[in-house]
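# Attaching a predicted model along with its sequence, questions to come.
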Amino acid sequence: MEILTAEGPAGDAGRASAGVALVLEWFWAAHPLARSALAAHAGAFWSDGVDGLPELLVLAARAGALQESEEAALLAGIAAAAAEPSSAPRLASESASARAAIVARLRALAAGPQLRREYLELVAALSETVREEWAARGRAAVELAVGQLATELAARSFVDALGISQAAGRAELVRVLARLELETPVLVAPSARGEGVVVLDLDTVLFVGVPVQRDLRFSEARAQELARRARALGDPTRLSILDVLGRAPTSVGALAVRFRLAQPTVSNHVRVLREAGLVTDATTGTRRALTLVPGGLAQLLDELGELTEASGLDELTR
């Protein structure tokens with residue numbers, strides 16, 4: 001599989017469209033560039049000289065789930081496709097050795113129930129790794145990028161719409177696409193985790209995965225989500241609750257007594273803090289209590305700090 005790390009790709013505007021592909025986030029979570037223990041496990045699963053799990057994209061395409069954005073539906077589609085014997089994919093984008101390895105993987109999955117079970121456990125672990133980031137910010141950033149790409153693809157050439165800024169990277173991608181000489185439609189899928197450009201022939205579509213531009217990683221949708229969570233800190237009672245919980249787990253009833261508030265009022269404050277990822281349940285003996293989410297407040301403040309850096313707001317406050 002072609003992985004171009006120069007910042008973007010190329011092609012023909014008339015046959016190109018943009019879409020959301022959750023499977024691409026899983027692909028990148030399994031790639032060596034992720035530099036994680038899970039990526040290392042994915043690399044050791046096959047040990048056939050091909051990096052990552054490109055067959056995930058093939059399976060998603062066969063399941064009709066290449067543009068699926070819901071985790072459960074994508075997992076079900078991949079599981080069904082992995083068990084189904086089928087003809088070898090064309091994979092014109094791959095070298096002969098890479099194509100042979102990917103075809104061998106697909107055949108092994110279809111023929112071996114135990115291997116398939118282990119593989120699907122690995123895929124489930126990838127989905128779990130991606131889940132929180134996808135829900136919190138990844139999906140919103142990707143959807144915003146898809147909207148912008150759709151506008152660009154309608155008005156400009158494929159190469160220009162994808163915004164390759166480096167001449168070497170631009171020339172390399174044009175070379176790859178020219179070599180393929182395919183007449184199939186092109187699907188461009190942005191990725192919040194992407195570290196480069198992925199080009200893969202999936203028979204019915206030429207799949208091009210591109211990284212979300214850095215300035216889109218803090219999309220308007222993400223800013224709105226951060227604003228909602230930050231509002232949890234805008235009430236003195238909620239700040240006081242955080243202070244108390246930071247000292248020891250405490251029940252809603254005890255908080256109500258401490259602050260001389262009705263229990264439903266305290267429960268409402270706790271709900272806001274819980275939805276902001278700051279408070280969770282704790283059990284002390286037989287008593288249910290509340291406690292701080294470890295690192296929850298620090299993470300929220302870090303994300304707000306990253307947002308101000310990305311937008312230049314930090315320069316205005318110095």
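Arrived safely.
# Which secondary structure element of this structure has the lowest mean pLDDT?
Of the helices and strands making up the chain, the lowest-confidence element is helix 313-316, at a mean of 40, by mean pLDDT, DSSP states H and E.
# Helices of the stretch 201-318 of the chain, residue ranges please.
For the stretch 201-318 of the chain, helices defined by DSSP state H, counting those that start in this stretch occupy the ranges 220-230, 236-247, 252-259, 263-275, 296-311, 313-316.
# Tell me which of those sits nearest to A104.
Among the helices of the stretch 201-318 of the chain, helix 220-230 comes nearest to A104, with 40.5 Å by CB to CB. Placement of C-beta: from N, CA and C, glycine included.
# picking up where we left off before, any chance of the helices of the stretch 201-318 of the chain in TSV, plus mean neighbour count?
Converted to TSV, the helices of the stretch 201-318 of the chain look like this (neighbours: other CB atoms under 10 Å):
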stretch	mean neighbour count
helix 220-230	15
helix 236-247	15
helix 252-259	16
helix 263-275	16
helix 296-311	15
helix 313-316	10
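# could I get those helices as a markdown table with distance to A76?
Formatted as a markdown table, the helices of the stretch 201-318 of the chain follow (distance: least, CB to CB, whole Å):
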| stretch | distance to A76 |
| --- | --- |
| helix 220-230 | 27 |
| helix 236-247 | 39 |
| helix 252-259 | 39 |
| helix 263-275 | 29 |
| helix 296-311 | 31 |
| helix 313-316 | 43 |
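# which stretch in the ones you listed has the least confidence?
Sorting those by mean pLDDT places helix 313-316 lowest, at a mean of 40.
# what about the residue nearest to R107 when sequence neighbours are not counted, neighbour count?
Nearest residue to R107 in three dimensions, chain neighbours excluded: P85, at 7.7 Å (CB to CB, 6 or more residues apart in numbering). Look at P85: counted by other CB atoms under 10 Å, it has 9 neighbours.
# you'd agree P85 is up against A110?
Yes - the pair P85 / A110 is scored as a contact, 4.5 Å apart, by CB atoms under 8 Å.
# In the protein, mark out all the strands, start to finish.
2-4, 16-18, 186-191, 197-201, 206-211, 279-284, 287-292 (DSSP state E).
# Any chance of those in a markdown table with mean pLDDT as columns?
A markdown table is the format used below for the strands of the chain (pLDDT from 0 to 100):
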| stretch | mean pLDDT |
| --- | --- |
| strand 2-4 | 46 |
| strand 16-18 | 86 |
| strand 186-191 | 90 |
| strand 197-201 | 88 |
| strand 206-211 | 88 |
| strand 279-284 | 84 |
| strand 287-292 | 89 |
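# Alright, I will stop here.
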